[in-house]
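In: here is the input, now give the coordinates:
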Amino acid sequence: MKSYLIFISTLIGLFTVSPNASSFGPQKTLPETDNISIVKFDPSGSYMAIGYASGKIEMWKINKQFNQIKWVNSSLKGRILTLGFLVKNDQMIVVNEDLGITFLNREKGNILKTFSVDFGRSCGSPEMVSVADFNQEKGILAIAGNCSIDVFLIRTDLMSIDTPKTRSTPYPTKLIPSNLRDPAVVNWLFSLNGELDVNNCLKISPSADFVLSGTLKGKLIKWDLNPTAKRSEIIKRNLGADSTKAIEPAKIIHVMTNRNSREFGEIDASQIFGIDCTDSLAISVGDASEAYGDMQIWRTCDMGMVNFISVADPSTCAHIKLSSNSEYAVTTGDFSYRIWKNENDSFKRLCTFYFDDADEILSDKACIDFYRYELLAIGDKQNVYFYKLPSLEFLTDIRNTNRELQRRK
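Out: Predicted coordinates:
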């Protein structure tokens, strides 16, 4: 325990080095690339995985020098929806919008196995994975397609990667999420709502006791994963499958735009763009109108609303990231990143980060990650910016441009 604390102290000390220090070399040899779609600290905080819209992945060593790339994998195609580190072995898991689920060697970045996903449905074209979340501690992956709001939970440790491969690429295996007899398929989170709707966002709780999703038409859905969760008899009758794996929603909330109903005398659903949670608290974000965005804070035990924050800039409510202790939140969008501090479940804005070029639009789904309660990483365009918590002191950026995001109170 003592050595671990010394390591963490050393890491924080390295982050406090001036960005002009010689230990952070210039990035002139690093070519420009496409936009970042996800950033992720490894569990030790010593490495950062960066995923791009094209499917490319970079692994950076950050405990000594930010300019040291450990490896690059450019063979995957399609926007990276989520990625994570498998804590029980030396692997990474990546979910691409088009390709499916891929396992990588964490040390070298080579592909170990690829699984294409066959939902067995179509909506004009075959259904593809459109949203995903990975619970790194539990090794559980949640995926949903672009044709319905059903969610499938997959145990990644039961997905066999020890199968024959061709000389050039791993032999792809088909994963059929609705095959409840597959031991890797933990649950089919089943919706009885016949209305055409799709998930914009997914979140597995840290304890993996529940899953939350936010939909295009403004529904916030909670599925309980405990033994008393409501099982679907429809699945059992229609498919003859084991109904213990098919779970119906515990709660469906039609999130309303309070501002619309107050100002225009009508009730309208807010499209939910992003959601994040701890085991006790959840935040959803969405657009209330062309002029306003909404943040809703919920108690996860009964999904009662704790607080409602209306923001006079809907472009800042496209994505949400909570720190693991729910002390901080970051909302992101087209032009800015807003940092919030939790004060008795009422989040107060600390500051706003933005680019000084008013015509420069940030990435369409900005990327945030926290390391413990100490570091904040903001990934955008082709760069990642690091800030120390709670001071929000700029530490450095991964390409060493010495140009931090501009900020205002």
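
In: identify the bridge partners of residue 201.
Out: Per DSSP bridges, the residues bridged to residue 201 are residue 214.

In: for it, give me its contacts.
Out: Residues near residue 201 by Cβ atoms under 8 Å, 6 or more residues apart in numbering: 131, 213-214, 272-275. (Glycine included, C-beta is placed from N, CA and C.)

In: for PyMOL, what selects the buried ones among the residues you listed?
Out: To isolate the buried ones among these in PyMOL, judged by 16 or more other Cβ atoms under 10 Å, type:
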select buried, resi 131+213+214+272+273+274+275
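
In: pull the distance from stretch 328-346 to the chain's centre.
Out: 16 Å (Cα atoms, centre = their mean, to the nearest Å).

In: related to what we said a few turns ago, I'd like the contacts of residue 201 as JSON lines, with distance to residue 249, secondary structure and pLDDT appended.
Out: Formatted as JSON lines, the contacts of residue 201 follow (distance: Cβ to Cβ, whole Å; DSSP: H, G, I helix; E, B strand; the rest coil; pLDDT from 0 to 100):
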{"residue": "131", "distance to residue 249": "17", "secondary structure": "strand", "pLDDT": "90"}
{"residue": "213", "distance to residue 249": "9", "secondary structure": "strand", "pLDDT": "93"}
{"residue": "214", "distance to residue 249": "13", "secondary structure": "strand", "pLDDT": "91"}
{"residue": "272", "distance to residue 249": "15", "secondary structure": "strand", "pLDDT": "87"}
{"residue": "273", "distance to residue 249": "20", "secondary structure": "strand", "pLDDT": "86"}
{"residue": "274", "distance to residue 249": "19", "secondary structure": "strand", "pLDDT": "89"}
{"residue": "275", "distance to residue 249": "15", "secondary structure": "strand", "pLDDT": "92"}
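
In: residues in contact with residue 41?
Out: 47-48, 369-371, 375, 377.

In: which of the residues you listed lies closest to residue 329?
Out: Taking Cβ to Cβ as the measure, residue 329 lies nearest residue 370 of the contacts of residue 41, at 10.0 Å.

In: what's the closest non-adjacent residue to the closest one?
Out: For residue 370, ignoring the flanking residues on the chain, the nearest one in space by Cβ to Cβ, 6 or more residues apart in numbering is residue 323 at 4.6 Å.

In: and what of residue 98?
Out: Per Cβ to Cβ, 6+ apart, closest to residue 98 is residue 78, 3.4 Å.

In: my read is that that neighbour contacts residue 56, right?
Out: No. The pair residue 78 and residue 56 does not pass the contact test of Cβ atoms under 8 Å, sitting 10.6 Å apart.

In: compare those two (neighbour count), which wins?
Out: With neighbours defined as other Cβ atoms under 10 Å, residue 78 and residue 56 compare such that residue 56 has more, 19 against 16.

In: low-scoring stretches of the stretch 101-250 of the chain, by residue?
Out: The stretch 101-250 of the chain contains residues with pLDDT under 70 at 160-172, 192-195, 227, 229-243.

In: all strands for it, in order.
Out: 111-117, 129-135, 140-145, 151-155, 173-175, 185-189, 199-204, 210-215, 219-224, 246-247 (DSSP state E, counting those that start in this stretch).

In: hang on, the earlier thing: what's the most distant pair in the contacts of residue 41?
Out: For those, the maximum inter-member distance is 15.2 Å, found between 47 and 370 (Cβ to Cβ).

In: residue 159: neighbouring residues, count only.
Out: Neighbours around residue 159, by other Cβ under 10 Å: 20.

In: that one against residue 174, yeah?
Out: No. Counting by Cβ under 8 Å, residue 159 stays clear of residue 174, with 11.7 Å between them.

In: where do the contact lists of the two overlap?
Out: In contact with both residue 159 and residue 174: residue 115, using Cβ under 8 Å, 6+ apart.

In: now the residue nearest to residue 98, what's its secondary structure?
Out: coil (DSSP: H, G, I helix; E, B strand; the rest coil).

In: also the one 3 residues further on?
Out: When the structure is split into helix, strand and coil by three-state DSSP, residue 81 lands in strand.

In: contact partners of stretch 106-122?
Out: Contacts of stretch 106-122 (Cβ under 8 Å, 6+ apart): 57, 59, 70-73, 75-76, 85-86, 90-92, 99-105, 126-129, 143, 145, 147-148, 159, 161, 163, 169-170, 172-178.

In: can we see that at 6 Å?
Out: 71, 73, 90-92, 100-105, 127, 129, 145, 147, 161, 170, 172-176, 178 (Cβ atoms under 6 Å, 6 or more residues apart in numbering).

In: buried subset of those?
Out: Using 16+ other Cβ under 10 Å as the burial test, the contacts of stretch 106-122 include 73, 91-92, 100-104, 127, 129, 145, 147, 161, 170, 172, 175, 178 as buried.

In: in helices, which of those residues fall?
Out: Among those, none falls in helices (DSSP state H).
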